[in-house]
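Engineer: what would the 3D arrangement of this be:
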Amino acid sequence: MTRRTSAGRPAPKARAIQFEHQPELRALTILPTLPPGHMTFPVEDDAFYPHLRRGEFAVVDLADHQPAQGELFLISYCDPRIECGRTFALCQMMGRTRYRRPGGPWLQQPEAGAEPATCWMARHWIPPADPRDRAAALRSGRVGTSEGPFTTEHAAEKLVGRVVG
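Structural biologist: Have a look, this model is predicted:
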């Protein structure tokens, strides 16, 4: 059977679109209703574009607050300037292996008595992947901030939940 347009003519053949895998992009699910154990958080800027856009609401899973490499989370900070004493922000968690002396600072290189551990940073923007684009963003003043370093346990305490939609 031949497909036809509304005018009765045969429909043009569909062109094949070349698929290009882009592993750095991950789609978030658009949810028709808010699942139990989840909350929404307004997205106020395009710092996490293309995952989240200004004016959208991020859906946050309140049960999942273990840091994961490259995942988006809602994080909570103490802020005495606010009546409730807490402020919230979206962030992307990035972990790196570093070394730490018991009760001491983070070290980049192994040292006597230092143990390897994951050092987490909470980035408040997604920088461009291309180094030239990143340099251009820095020159133009379009930079984001990050918080850390955090141990895995400390990051889990600060994270409210993972952004799932």
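Engineer: quick one: name whatever helix or strand follows the longest strand along the chain.
Structural biologist: Longest strand in the chain by number of residues (criterion: DSSP state E): strand 86-100. Later in the chain than strand 86-100, the nearest helix or strand by DSSP states H and E is strand 106-107.
Engineer: what's the following helix or strand after the helix or strand of the chain with the lowest mean pLDDT?
Structural biologist: Sorting the helices and strands of the chain by mean pLDDT, DSSP states H and E puts helix 131-140 at the bottom, at a mean of 75. Where DSSP H and E defines the elements, the next helix or strand beyond helix 131-140 is strand 146-150.
Engineer: can you list the strands that that next one pairs with?
Structural biologist: Applying DSSP bridges to the sheet, strand 146-150 is found paired with strand 115-123 (antiparallel).
Engineer: give me the low-pLDDT residue ranges for this structure?
Structural biologist: Along the chain, the model assigns pLDDT under 70 to residues 1-27, 128, 141-144.
Engineer: and the longest strand of the chain, what does it pack against?
Structural biologist: Under the contact criterion of 3 or more CB pairs under 8 Å, 6 or more residues apart in numbering; DSSP states H and E, strand 86-100 touches strand 72-78, strand 106-107, strand 115-123, strand 146-150, strand 159-163. Any C-beta I mention is one placed from the backbone N, CA and C, and that applies to glycine too.
Engineer: that one versus strand 146-150: what angle between them?
Structural biologist: 50 degrees (axes from the mean of the first three to the mean of the last three CA atoms, to 10 degrees).
Engineer: strand 86-100: how far from the chain's middle?
Structural biologist: Offset of strand 86-100 from its chain centre (CA atoms, centre = their mean, to the nearest Å): 10 Å.
Engineer: buried stuff in it?
Structural biologist: Within strand 86-100, the residues that count as buried by 16 or more other CB atoms under 10 Å are 89-95, 98-100.
Engineer: again with stretch 37-56
Structural biologist: 38, 41, 43, 47-48, 51-52, 56.
Engineer: can you check stretch 73-86 too?
Structural biologist: 73-76.
Engineer: for that stretch, give me every contacting residue.
Structural biologist: Residues from elsewhere that reach stretch 73-86 (CB atoms under 8 Å, 6 or more residues apart in numbering): 41, 58, 60, 65, 67, 87-93, 122, 147, 158-163.
Engineer: rerun at 10 Å
Structural biologist: Counting contacts by CB atoms under 10 Å, 6 or more residues apart in numbering, the residues outside stretch 73-86 that touch it are 39-41, 58, 60-62, 64-67, 87-93, 122, 124, 147, 150, 155, 157-163.
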